[in-house]
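Peer 1: Sequence plus the predicted model coming up.
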Amino acid sequence: MELTNKEKILLEDQLQAEYMCINKYRAYAAQAVDPEIKHLFDLVAKQEEQHANTLKMLLQQGGFNPPKQQ
């Protein structure tokens, strides 16, 4: 599947947003005292990682190298 330049840019922007969410949820999980809250933040971070993997796959299928997580 070939992507237009606009689609590539939009997917990359969304991927960067997913990376930001992953980092925030991991930071929140590290700060959480309550084990249930920690578990929820870890769970949401894993869901965001799945979203990021889907976006990376779409970019790769479109012939682009996805940006790396910072």
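Peer 2: Sure, I can see it.
Peer 1: all contacts plus neighbour counts: C-alpha atoms, from now on.
Peer 2: Will do.
Peer 1: For Leu15, which non-adjacent residue is closest in space?
Peer 2: Leaving out its chain neighbours, the residue that sits closest to Leu15 by Cα to Cα, 6 or more residues apart in numbering is Ala52, at 5.7 Å.
Peer 1: now that neighbour: how far from Leu58?
Peer 2: Separation of Ala52 from Leu58 (Cα to Cα, to the nearest Å) stands at 10 Å.
Peer 1: residue contacts, Gln70?
Peer 2: By Cα atoms under 8 Å, 6 or more residues apart in numbering, the residues touching Gln70 are Tyr19.
Peer 1: How about the helix or strand hosting Cys21, which residues are buried there?
Peer 2: Element membership for Cys21 (DSSP states H and E) is helix 5-31. For helix 5-31, burial by neighbour count (16 or more other Cα atoms under 10 Å) applies to 8, 11-12, 15-16, 18-19, 21-23, 25-26, 28-29.
Peer 1: May I ask which helix or strand encompasses Val33?
Peer 2: If you go by DSSP H and E, Val33 is not part of any helix or strand.
Peer 1: Count the neighbours of it for me.
Peer 2: Neighbourhood size, Val33 [other Cα atoms under 10 Å]: 10.
Peer 1: how deep is Ala45 tucked in, by neighbour count?
Peer 2: There are 23 residues near Ala45, going by other Cα under 10 Å.
Peer 1: Check what pLDDT the residue lying closest to it once chain neighbours are set aside gets.
Peer 2: Nearest residue to Ala45, sequence neighbours excluded (Cα to Cα, 6+ apart): Ile22, at 4.9 Å. Ile22 is assigned 98 on the pLDDT scale.
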